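> give me the fold of what follows.
(one chain, ligands or ions: 1)
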Amino acid sequence: MDKEGDYESDNSRVNVFVRVRPVKGKEEKATRQAGDKSVRISVTKKSEKTFVYDRLFGEKDGQQAVYDVVGRPVIQDVLKGYNGCIMAYGQTGAGKTHSLLNMANGSAKGELNQPGLVPRIVTDLYIAMAADFMGMFTVSVAMCQIYNEQIDDLLKPKNTNLRLTMTNEKSWEVEGLSWYKCKTPEYLVSVISNGRKRLVYAETEMNKHSSRSHAVLMIKVQRHNRSDVVKKEQMEKESAQASDSEGEDCSSEAKKDVVLRGRQGILSIIDLAGSERVKKSKSSGIQFTEAKKINNSLLVLGQCVQALAFKKGHVPYRDSVLTKFLEPSLSGTARVNLLVCVAPERIHANESISTLEFAYRAMSVATSPTVNEMTVCTSPKELIADLASAASVVKLEQTEALQRITGEKMQMEEELQALKGEHEVVAKSNQANATELKDVKAKYADLSEKFSALEKDTVRITGEALFMKQDLKTEREKAASEAEAAHESSVRLTRENGQLKKQLADALATIERLQGDLATQQIQLKDHIERIQWIETSIGLHESGAAEIENKMQSMVDILNQTSTKIEGLEGALTEARAKAQVLGQRCNQDKLQWNDEKGILHALVSSMQKKIAQYEEEQRRSESQACCSAITEQILWTALTSAKEREIETERTNVKQGVEVSERRKAAHIDSLDEWLKCGIPVIKWGRNKRPYNRLVRVSSDGKFLEWVKMKKGSWLIHTEGVRRFALKDVTSINTSEAGKSADDILYTVQVGLPERVVRMDLASSKGFLWFETLKARGLNIR
Ligand SMILES: Nc1ncnc2c1ncn2[C@@H]1O[C@H](COP(=O)(O)OP(=O)(O)OP(=O)(O)O)[C@@H](O)[C@H]1O
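Below you'll find the predicted structure:
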């Protein structure tokens, strides 16, 4: 078992790794990672299946992680002489090509930052070879695709429809497939990139760049051990003992009597086309045929894996070109790493489950990889030349390395020297500055001392000069008094005077000279003071920041002071405003009191008005009831006036009832008077909904065709001309009576006019009304 990081590969069976690519867009996920080896998948939300593999790569695992586990161990095996096979299997669009063939040179869109297994394998392969000095390596590459069950060479486009032929080792070989030797990784990558360009891709609904063929890349690595050289005769003896050994037949090459023993490993990297549901991929025409062939070959692959997993006697390798091609790997002589790619979306859950089941079965396929020994015949001369060239390469490398190291060392030394020089210059200038400062300070002290000494001298000399002047004055006075006092010694005195004058002139000259010296010394002193001031200024520059800050602080203090002054002013204004507010408040209180008074007056006014309104309403009620009384009185009068007529009507009714014949004249006279009464109308009181009485008059129109409901003027029995409602007498459907109360006046008359939907009711209550309506009825005026 090989160990890669925390993964231990198992060479006794196919190693299976599952990679779940990131989910696309906002699709719902059906897969869930459970640890670094198992994946859970659910078709519906309730059912969930768990599968365990050699390693699971989730969305966050990048290409390097996949390479470390799937790719790197296989390279080690191939370098040891085993055949290796890395195969990517999965539904279309699940990430097989992304994982295997993405090139570091960005030969396809979006590949640049995520190189897949192939470029990483190439790099590591050449690094491993360079580190193995005792090995002589030959790397060759071949590429082909299985497209519609046909094998085409990808490195030599004219080589199409190649045949698979059985080799001595009972495995299949692609006849006529071109192999290219690659001395450098750059060349190998460029060959692979060119081959990739010839792969058939198409855009489908499931994948914009869908592989339509199974892509096969084969890298053959031959390693001969420089130290493992045998003589031809010895080799022949050995091969006689073990006749099965692979290798070149050197018998025809007499001069090549030296044999180099070695090993050969072929690494096959297979990017299988993805299985697809035609319904989903919407493939049609050529793409439909391609999909059918792809699905069929993958089906046979599944059957082969199933047969191998269950160790069945027959494995249907020959049922498809793909399985024929894969037979050497699947039958166990190679180390096989299967990378199964899965799409995580729930819409692909069924396909993903089939893929995971296939992968799970593949884990049971047993392998027992064997080392491929091989020999190469060569002559001692060739061997020596190879060793010499290898040695020269190493020497060249050594020389180059030495040169490079020496160059770097020299450069570093130069840099060190330059740094040292710079350091010295800086140190010197520091020292010089310190010395200069010291000198200047000493000079300053010296000059200060001299200056104070000069000052003292000046004071002393000035004092002396004053004393001398004083003495001279005294002497003159003395001389004058003496001249006056002793005329005779005037000559002597004059002479003495002259001498004294001379002494005085000398003294004055001395004073003048001393004064000149003093002035010169003062100028020098001034110069020195200025110099010292300049030095002090330059030294004080460092302190200027502090001074500046102090100034700023001072200005801030000033601002603060100004602000406090303003605040004080504002406080004054505030006090003033408060006083004003107090005055206003007082005034407001006064106004409030006044307003309260006015409010009281208003309240009194309102209550008096309310009283007046109540009085007025009372009066109105009284006048209404008076009107009502007058109406009743009038009714009574009316009743009295018409009682005679009533009696006549009664008689008439009795006559009508008894069928008594009334004389024509009498009848006419009576009818006339009745007609008149009907037209005159009957006053009625209508009680409104507001419980108030309203005066109304019910009469028959002058043409005798209408029943009129006449509105009276408010509170009187005067007819309101506009308030007449007319109902055609022919429409009066019924006049009913009902007893509303006990007295005759309480009888309610309901006059119904028109159809039921236009019913107008006139409710009248009076005995006179009864008579009136009875008369109307008796008159038989169209009443139905
Ligand atoms: N692990 C991943 N990380 C990011 N993108 C991925 C990953 N796997 C696949 N993809 C993206 O998904 C898309 C389909 O991937 P890819 O072409 O490799 O699928 P495929 O399995 O080779 O499909 P087909 O069988 O149709 O060729 C590509 O755009 C690819 O960049």
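
> residue 50 bridge partners, please.
residue 40 (DSSP bridges).

> whichever strand or helix holds residue 267 close to the ligand?
When secondary structure is defined by DSSP states H and E, residue 267 falls within strand 258-271. No: with C-beta under 6 Å from any ligand atom as the criterion, the ligand is not reached by strand 258-271; the gap is at least 6.7 Å. C-beta: built from backbone N, CA, C; applies to glycine.

> partner strands of that strand and their direction?
Each strand that pairs with strand 258-271, with its direction, by DSSP bridges: strand 83-90 (parallel), strand 214-231 (antiparallel), strand 373-378 (antiparallel).

> what is the orientation angle of the helix or strand where residue 475 lies with strand 258-271?
According to DSSP H and E, residue 475 maps onto helix 380-485. For the pair helix 380-485 and strand 258-271, the angle between their directions (axes from the mean of the first three to the mean of the last three C-alpha atoms, to 10 degrees) equals 80 degrees.

> and helix 380-485, how far out from the chain's middle?
Relative to its parent chain, helix 380-485 has a centroid offset of 64 Å by C-alpha atoms, centre = their mean, to the nearest Å.

> output the contacting helices and strands for that helix.
Counting by 3 or more C-beta pairs under 8 Å, 6 or more residues apart in numbering; DSSP states H and E, the packing neighbours recorded for helix 380-485 are strand 214-231, strand 258-271, helix 490-658.

> hey, least reliable of the ones you listed by pLDDT?
Looking at the helices and strands packed on helix 380-485, the lowest mean pLDDT belongs to helix 490-658 (a mean of 69).

> follow-up on the earlier one: out of the strands paired with strand 258-271, flag the one nearest the ligand.
Comparing the strands paired with strand 258-271 against the ligand with C-beta to the nearest ligand atom, the closest turns out to be strand 83-90 (5.5 Å).

> average pLDDT for that closest one?
Average pLDDT, strand 83-90: 94.

> that strand: how far from the chain's middle?
Averaged C-alpha coordinates place strand 83-90 at 40 Å from its chain's average position (C-alpha atoms, centre = their mean).

> and residue 337, that's in a strand?
Yes: using DSSP: H, G, I helix; E, B strand; the rest coil, the assignment for residue 337 is a strand.

> who's in contact with it?
Contacts of residue 337 were listed using C-beta atoms under 8 Å, 6 or more residues apart in numbering, and they are 9, 14-15, 17, 70-71, 73-74, 84-87.

> let's go with 7 Å and repeat that
15, 17, 70, 74, 86 (C-beta atoms under 7 Å, 6 or more residues apart in numbering).

> winner for burial among the strands paired with strand 258-271?
strand 83-90 (a mean of 26; mean count of other C-beta atoms under 10 Å).

> and the first helix or strand past that strand going along the chain, what's its mean pLDDT?
Remark: after strand 83-90, the chain's next helix or strand is helix 96-100, criterion DSSP H and E. Throughout helix 96-100, pLDDT has a mean value of 93.

> list of residues touching helix 96-100?
Here helix 96-100 makes contact (C-beta under 7 Å, 6+ apart) with 19, 66, 88, 90, 116-118, 211, 269, 271-272, 274, 339, 341.
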